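# using only what follows, build the 3D model:
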Amino acid sequence: MNKLLLASAAALALSLTTVSPALAGEAEAMKWVNDEFQPSSLSKDDQMKEMQWFINAAKPYAGMEINVLSETIPTHEYESKTLAKAFEEITGIKVNHQLLGEGEVVQAVQTQMQTNRNLYDAYINDSDLIGTHSRLQLAVNLSDWMAGEGKSVTNPGLDLDDFIGRSFTTGPDGKLYQLPDQQFANLYWFRKDWFDREDLKEKFKAKYGYELGVPVNWSAYEDIAEFFSNDVKEIDGVRIYGHMDYGKRAPDLGWRMTDAWLSMAGAGSKGLPNGRPIDEWGIRMEEGSCNPQGASVVRGGGTNGPAAVYAIRKWDEWLRKYAPPGAADYDFYQSLPALSQGNVAQQVFWYTAFTASMVAPKSAGNNTVDDAGKPLWRMAPSPHGPYWEKGQKLGYQDVGSWTLFKSTPVDRRQAAWLYAQFVTSKTVDVKKSQVGLTFIRDSTVNHESFTERAPNLGGLVEFYRSPDRVQWTPTGVNVPDYPKLAQLWWQNIGDVNSGAFTPQEAMDRLAGEMDQVMGRMQRADEANNTYGGCGPRLNEPKDPADWIGKGGAKAKLANEKPQGETINYDELVKSWSQ
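As a prediction, the model looks like this:
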């Protein structure tokens, strides 16, 4: 009898061991859905159906340990600390989600591409590299992957049409190369409480002849910067400034400029998501072609054209004249949180990725919210320079996107693809977006929880629901090799900040160096098909007069400071809803 009982107990234990992984996955999924993944655009039943798909799809990879890399922003911190743990408990796949600075991520991506060694199994890599990935043929073409080797691990509920940045991660061949994970824009930021003060409005109008409001053009931005820095000077006993920016000689200074600063001035051509033939970097590539033809004016580009030089001159001038002391020595990571000190009236170029920190309470040292935690500031569309024309892009959106490389073994790539889909799934995306405020899905942007939260987010929700959103786009396909070309920018722009070069001298040198690098790419492509036939094919140099104002760079304007123009913020938001 005892032997029979023991045998039955052993059989029962064996049966529990056999089924426990599935039961544990379902139980853990239910726990995460109930306790963490709320709110969601899916019902709890549909969330569990999606999680059940992940449990089943992950079975062949249970026990595997994979490594992924992304930059350090709140969205990725949430993924690394919370979603990676949830994914392991639900699927049995352990994910080491490492966080580094953006420059280090780009370096790791470049190293894996150059060495063909598998450093990481997947990267959250800016869509700015779409021109690189679609040409070098080292990244996985996700369109073909999802129909082939990745089919069994592609979520039927992925819903690619729901991703608002999909056009930015699509190559010239129409194929998807990256899957958006987080998305944020650079917008105009201002202290609405100060702009609404009747005494300041009266003083501003008396001096400039128009209303104090959201600047539509750079002339108004400059007037407002001058007004707060040199006329108002002090509010509530605090010395204030009319502008904030950064100028430290570091890689992020280059991104400050390639993130569409030239296009905001109006340097590029019309067209969205990127101008053709001239993009926001000043690189020329004709419509219907995949071959860049040059950056310099003498080759038909615009990197050292009048509008680009104007853009760099204004950046340097405003930084010196209107920003707080020391701003010229700030980097990206120092300047943006510095706004929370509460001594700046406006910033022309502010990344919405920092919204989460800018809505922190006063108790956390944030002086830009009231006692109830409501923002005293708002974000609005960026003002444009005098060279800008309707139909051009007006600003930049960063779209950090999952990228797989062919150098990663297929099974590890499949497991990483599961994780990439998990952290972007409808089950988790609304909650992830509530934490990081970096929207990637239409279903999330329009979720009722963000309608409720919108008044506390300073215009972020209104902007992402507005028709204007499409004018903010990432670096596009004109840039043939982002890592090689991006590093040239910060070194040359840094020489302007230091005073070693004038804006014209720096941009002439930058354009020439870009052409030299693209010339090497052209030779590699012609000899070895390195860029799949889509490498540069540089135009022969011609007299600048043959290009400027004649299909190349825009001609210099006689008046680069037209009348300032502003718009009332509340009226602007109303126009979006209409």
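# bridged to Tyr188, which residues?
In this entry, Tyr188 is beta-bridged to Ala380, by DSSP bridges.
# so it touches Ala345, yeah?
No. Using Cβ atoms under 8 Å, Tyr188 makes no contact with Ala345, being 11.5 Å away. Every residue, glycine included, has its C-beta placed from N, CA and C.
# who has more neighbours, the two?
Using other Cβ atoms under 10 Å as the criterion, Tyr188 and Ala345 rank with Ala345 on top: 24 against 21.
# over to the more buried one: give its phi and psi.
phi -80, psi -30 (degrees, to the nearest 10).
# can you pull the pLDDT of it?
Ala345 is assigned a pLDDT of 98 by the prediction.
# in space, what's closest to it - neighbours in sequence excluded?
The shortest distance from Ala345 to any non-neighbouring residue, by Cβ to Cβ, 6 or more residues apart in numbering, is to Phe228 (4.0 Å).
# so which bits of stretch 272-292 are buried?
Under the neighbour-count criterion of 16 or more other Cβ atoms under 10 Å, stretch 272-292 has 272-285, 290-292 buried.
# how close does the residue nearest the centre of the chain get to Phe422?
For the chain, the residue nearest the mean C-alpha position is Asp398 (1.0 Å; Cα atoms, centre = their mean). To Phe422, Asp398 is 22 Å away according to Cβ to Cβ, to the nearest Å.
# run through the residues that contact the nearest residue to Ala267 once chain neighbours are set aside.
Excluding the flanking residues, the one nearest Ala267 by Cβ to Cβ, 6+ apart is Ala307, at 3.8 Å. Shown in contact with Ala307 (Cβ atoms under 8 Å, 6 or more residues apart in numbering): 262, 265-267, 385, 387, 553-554.
# do the same with Leu460
352, 355, 379, 437, 454.
# can you tell me which of those residues is closest to Asp495?
Thr352 (29.8 Å; Cβ to Cβ).
# what is the neighbour count of the closest one?
The number of residues packed around Thr352, counting by other Cβ under 10 Å, is 26.
# next one: phi and psi at it?
According to degrees, to the nearest 10, Thr352 has phi -70, psi -10.
# how about Asn217?
phi -130, psi 170.
# kindly state the beta-bridge partners for it.
Residues in a beta bridge with Asn217, per DSSP bridges, are His384.
# tell me where the stretch 251-400 of the chain has helices.
251-258, 261-265, 306-322, 332-335, 355-358 (DSSP state H, counting those that start in this stretch).
# I'd like these as CSV, with mean pLDDT and distance to Asp570 appended.
As requested, the helices of the stretch 251-400 of the chain are exported to CSV (pLDDT from 0 to 100; distance: least, Cβ to Cβ, whole Å):
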stretch, mean pLDDT, distance to Asp570
helix 251-258, 92, 30
helix 261-265, 96, 24
helix 306-322, 97, 26
helix 332-335, 82, 28
helix 355-358, 88, 20
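# of all those, which one is nearest Lys233?
helix 306-322 (11.7 Å).
# just the buried positions in that closest one, please.
Using 16+ other Cβ under 10 Å as the test for burial, helix 306-322 gives 306-316, 318-319, 322.
# let me see the contact set for Tyr351.
By Cβ under 8 Å, 6+ apart, the contact list for Tyr351 reads 184-186, 336, 398.
# check Ser43 too.
By Cβ under 8 Å, 6+ apart, Ser43 lies in contact with nothing.
# got phi/psi on it?
Per degrees, to the nearest 10, the backbone of Ser43 is at phi -70, psi 160.
# just for the stretch 1-150 of the chain, where's the confidence low?
1-24 (pLDDT under 70).
# ok, the stretch 351-500 of the chain next?
Short version for the stretch 351-500 of the chain, where the test is pLDDT under 70: none.
# just the pLDDT at Ser577, thanks.
pLDDT recorded at Ser577 is 74.
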